[in-house]
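Undergrad: Got a predicted structure here, sequence first:
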Amino acid sequence: MSTSTTPHPSPSSADPNTSPEPGTAPSASRRPIYQTETTGQYWADVREAFKRLSPSEDLQRVGEIPCARNSLLSGIASGVGVGVIRGLSVSVFAASNWAVGTFMLVSLGTWTICQRNIQDERRRVQMVVEQLPQRMVAKPKDESPSGSSA
């Protein structure tokens, strides 16, 4: 069995259990769903993983990752600010360490907070969706004429 991560074809094109031809790119209009199979051999799996890396395509799609843009911009701005301020009083090497550390800390923190907010919003939407049928059933019972004597 070989290690392969292939996108599933669209439901209308073929059997969902089959994979497209090796080397074909997934359609740009639909995000691929990856299914990973391993050989059980660590180095063979690592070699296959490196074959699939495409830095140019990966960097072009970083904006599609939820929260990535805001967290990276916050981290960059904070890192530059701290690096410049620390650069006024310490060596360039120490200031760059502070800048990189601040970038990592702020980026990770803002990304984590953003992801948590997205999960909380999804939970609230799920609760509303689950309660909607109950509200629709209860509404006709409450619509009785009250106090209308004509």
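TA: In hand now; what should we look at?

Undergrad: Where does V90 sit, in terms of helix or strand?
TA: Counting by DSSP states H and E, no helix or strand carries V90.

Undergrad: gap between it and G81?
TA: 15 Å (CB to CB, to the nearest Å). Where you see a C-beta, it was placed from the backbone N, CA and C, and this is true even at glycine.

Undergrad: can you check R47 too?
TA: 41 Å.

Undergrad: Strands along this protein, start to end?
TA: 4-7, 34-37 (DSSP state E).

Undergrad: Distance check, L53 against V46.
TA: L53 is 11 Å from V46, by CB to CB.

Undergrad: Which one's more surrounded, the two?
TA: Using other CB atoms under 10 Å, the more surrounded residue of L53 and V46 is V46, with 11 against 8.

Undergrad: Report all helices and strands that the biggest helix by length in the chain contacts.
TA: When the chain is parsed with DSSP state H, its longest helix is helix 92-142. In this structure, helix 92-142 makes packing contacts with helix 68-87, judged by 3 or more CB pairs under 8 Å, 6 or more residues apart in numbering; DSSP states H and E.
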